[in-house]
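Need the 3D shape of this:
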Amino acid sequence: MRILPAIAAAALVVSLAACSDSADPKSTSDNNSPPIAVDLPRADSDFWNSYAKYIPQFAKDTGINLMTPTNSQNDIAKLVANTQALTSQGAKAIVMAPQDTGAIATTLTTLEQKKIPVVTVDTRPDKGNVYMVVRADNRAYGQKACEFLGQKLGGKGKVIEFQGSLSSVNGRDRSEAFAECMKDKFPGITVFAEPTEWEGAKASAALQTRLAQHPDINGIYMQAGGVFLAPTLQLLRSKNLLVPPTDPKHIFIVSNDGIPQEFDAIRKGEIDATVSQPADLYAKYALYYAKAAVEGKTFQPGKTDHDSTIVKVRDGVLEDQLPAPLVTKDNVDDTALWGNQIGK
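Residues are numbered from 1 along each chain as shown. Here you go, the predicted structure:
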């Protein structure tokens, strides 16, 4: 699934739409099929900006009548307002990625009453029904990060963890799995868990404080490279701690996202691994399920034809768990990884 030059203009449309808080009634397609809406969750993350670039490509590939995407800018109130606007403009299905997975419940109930199906991407609502959740196994993210760091550190040392927002199911899943794995498998490693609300500035401040208190920290787990990578590398560079893995001062870093910037950092030896969240597949299958919902199709738990598994997480909610591989220096140049395809 490579980005084609022909979609450059469509990607620009998404970029411009990201600056707006409200929906535009015009669609990005000339076909007469039912309009499908997409709300982008934020524009301050390299991961989500990559996801945004894939949306018009897959909408065009599948003949979807895509309304101009809105952007809720990590603000639940804007997401609610955008959803209301999209509904009034005739959206027959809505794709969203609520960052606060508890506060969206009332909106989901309203949409269900109006018979407008919802597909959520990357996050799963704590309450309320949706047609499908398109997501990877976020507990596996924390587990993989724990096992990688535990092995690299030989079961001993100090690790700082930049937790995502704990109001998000993703932040909770990654944090809980990482903590449980460390406690069970690597009790000799001390973990400093730092809440960040997915904000790079908070992560950088926490790292600054912890390094002052514990200069022997030798591991970092970043739950979102899209927001944490740049400030982390900047701080480590300023302290002369951004050194190759062969240097005894090297701090082993594992991340989550799979953006091109993380791959470059792995190649340079600045970080050591990341879990590749499938931004391309998130876009592709979110739209796939939105179209299927409009067409009245239904799905059941089990293996899919695209190397994933649909699981029932509770009554009224199915989740398609897409693959998310660990990327290290050994496979960072794999052309199948979306981070090596985006923009090419």
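
ok, G142 - contacts?
D173, R174, S175, E176, A177, F178, A179, C181 (C-beta atoms under 8 Å, 6 or more residues apart in numbering). In short, each C-beta sits where N, CA and C put it, glycine included.

For PyMOL, write the selection for the buried entries among those residues.
To isolate the buried members of the contacts of G142 in PyMOL, using 16 or more other C-beta atoms under 10 Å:
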select buried, resi 173+174+175+177+178+179+181
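
Mind checking which of the contacts of G142 land in helices?
D173, R174, S175, E176, A177, F178, A179, C181 (DSSP state H).

shouldn't the third one be in contact with F162?
No: S175 is not in contact with F162 according to C-beta atoms under 8 Å; the separation is 10.0 Å.

shared neighbours of these two, anything?
Shared contacts of S175 and F162, defined by C-beta under 8 Å, 6+ apart, comprise Q223.

quick check: domain ranges of this structure?
5-136+278-324, 138-276 (automatic domain parsing).

Just send those back as TSV, with mean pLDDT and distance to A336 too.
Below are these laid out as TSV (pLDDT from 0 to 100; distance: least, C-beta to C-beta, whole Å):
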stretch	mean pLDDT	distance to A336
domain 5-136+278-324	87	10
domain 138-276	96	10
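
Same list (those) but as a markdown table, adding distance to N331.
As requested, these are exported to a markdown table (distance: least, C-beta to C-beta, whole Å):
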| stretch | distance to N331 |
| --- | --- |
| domain 5-136+278-324 | 13 |
| domain 138-276 | 10 |
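
Where does Y288 fall, secondary structure wise?
helix 279-294 (DSSP states H and E).

What is that helix packed up against?
strand 35-40, helix 46-61, strand 93-96, strand 118-121, strand 132-136, strand 317-322 (3 or more C-beta pairs under 8 Å, 6 or more residues apart in numbering; DSSP states H and E).

strand partners of the helix or strand following the second one, parallel vs antiparallel please.
Toward the C-terminus, helix 46-61 is succeeded by strand 65-68 as the next helix or strand (DSSP H and E). Strands adjacent to strand 65-68 in the sheet, as given by DSSP bridges, are strand 24-27 (antiparallel), strand 35-40 (parallel).

Now strand 65-68 - C-alpha only, PDB.
The C-alpha trace of strand 65-68 is given here as PDB (Å, rounded to 0.1, in the frame of the first residue of the first chain):
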ATOM      1  CA  ASN A  65     -17.900   9.500  -1.000                       C
ATOM      2  CA  LEU A  66     -15.700  11.100   1.600                       C
ATOM      3  CA  MET A  67     -16.800  14.300   3.300                       C
ATOM      4  CA  THR A  68     -14.000  16.800   4.000                       C
END
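
Helix, strand, or coil at the residue lying closest to H250 once chain neighbours are set aside?
Leaving out its chain neighbours, the residue that sits closest to H250 by C-beta to C-beta, 6 or more residues apart in numbering is V243, at 5.2 Å. Secondary structure, DSSP: H, G, I helix; E, B strand; the rest coil: V243 is coil.

I'd say V243 and R237 touch.
No: judged on C-beta under 8 Å, V243 makes no contact with R237 at a distance of 9.8 Å.

So the two - more neighbours on which side?
V243 (15 against 12; other C-beta atoms under 10 Å).

Return the distance of the more buried one relative to G188.
24 Å (C-beta to C-beta, to the nearest Å).

Which residue would you name as the spatial centre of the protein?
D122 (5.5 Å; C-alpha atoms, centre = their mean).

got the contact list for it?
Contact analysis of D122 by C-beta under 8 Å, 6+ apart lists P41, A97, V134, R135, A136, N170, Q277, Y282.

swap in A273?
A145, F148, I253, V254, S255, I266, L326, V327, T328.

related to what we said a few turns ago, any chance of the contacts of D122 in a markdown table, plus distance to I310 and neighbour count?
What follows is the contacts of D122, written out as a markdown table (distance: C-beta to C-beta, whole Å; neighbours: other C-beta atoms under 10 Å):
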| residue | distance to I310 | neighbour count |
| --- | --- | --- |
| P41 | 23 | 22 |
| A97 | 19 | 24 |
| V134 | 10 | 29 |
| R135 | 11 | 28 |
| A136 | 13 | 24 |
| N170 | 19 | 27 |
| Q277 | 18 | 28 |
| Y282 | 15 | 26 |
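
Out of those residues, which two sit at the greatest distance?
Spanning the widest gap among the contacts of D122 are P41 and A136, at 15.7 Å by C-beta to C-beta.

what about the closest residue to D307 other than its chain neighbours, neighbour count?
Sequence neighbours aside, P323 is the residue nearest to D307 in space, at 5.6 Å (criterion: C-beta to C-beta, 6+ apart). Using other C-beta under 10 Å, P323 is surrounded by 14 other residues.

Surely Q261 and V227 touch.
No: counting by C-beta under 8 Å, Q261 does not reach V227; the two are 11.2 Å apart.

Comparing those two, which residue is more hemmed in?
Neighbours of Q261 and V227, each counted by other C-beta under 10 Å, are more numerous for V227; the result is 27 against 19.

Do I have it right that the more buried one meets D44?
Yes: using C-beta under 8 Å, V227 is in contact with D44, at 6.8 Å.

residues shared between the contacts of the two?
What both V227 and D44 touch, as defined by C-beta under 8 Å, 6+ apart, is an empty set.
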